[in-house]
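Q: Here is a sequence together with a model predicted from it:
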Amino acid sequence: MKNGGLLDEVVFAVNTERPDALSYLDELLHRNPTSYRRYVPKKQYNGGYTKLWEAVEDQNIYIKMDDDIVFLEDNTIAAMVKRLVENPQYFAVSANSLNNPALSWVHFSQGVYEPYFPV
């Protein structure tokens, strides 16, 4: 059972040119050659992150995580996979992201956090 029994493969979509980050990715790939792989998207001239989705294939479930994640609860990936498997009509399932414009009002109205107004 690899990747905790939930993921067949971990794909790192490269969206940086930083040598230190690419070197670290090389180390990860070397340690996990059968479970991890690198995907280098074609160059996109208009900017943005849509190029990272060009390799998506039908009938697969993808869990997207990026560099601004600071915490994942222990069962997060399992819960997301379960939700998608039980609801094949869903295109995507998203985490409860605290720094997300779509959820800021929900969090504020539920008292999850208070706005910061410098004096």
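A: Noted; the coordinates are in hand.
Q: domain ranges for the chain?
A: By the assignment in automatic domain parsing, the chain contains the domains 1-60, 66-119.
Q: what's the average pLDDT for the first one?
A: Taken as a whole, domain 1-60 carries a mean pLDDT of 82.
Q: any idea how far it is from the chain center?
A: Computed by Cα atoms, centre = their mean, to the nearest Å, the separation of domain 1-60 from the middle of its chain amounts to 10 Å.
Q: now do stretch 57-64
A: With Cα atoms, centre = their mean as the basis, stretch 57-64 stands 12 Å off its chain's centre.
Q: for it, how far is the first residue from the last?
A: This stretch, stretch 57-64, spans 14 Å end to end (Cα to Cα, to the nearest Å).
Q: what sits up against the helix ranked longest in the chain?
A: Longest helix in the chain, counting residues (DSSP state H): helix 19-31. Helix 19-31 is contacted from outside by 12, 14, 16, 36-38, using Cβ atoms under 8 Å, 6 or more residues apart in numbering. The way it works is simple: take the backbone N, C-alpha and C, and place the C-beta from them, glycine included.
Q: where does the residue nearest the centre of the chain fall, phi/psi-wise?
A: Geometric centre of the chain, nearest residue: residue 65, 1.5 Å, by Cα atoms, centre = their mean. For residue 65, the backbone dihedrals (degrees, to the nearest 10) come out as phi -130, psi 140.
Q: So what's the residue count around residue 12?
A: Residue 12 has 13 neighbours, counted by other Cβ atoms under 10 Å.
Q: when you give positions from now on, start the count at 832
A: Sounds good: first residue 832 from here, last item residue 843.
Q: thinking it is in contact with residue 870, fair?
A: Yes. Under the criterion of Cβ atoms under 8 Å, residue 843 makes contact with residue 870 at 6.8 Å.
Q: Strands of this structure, start to end?
A: For the chain, applying DSSP state E gives strands covering 841-844, 867-870.
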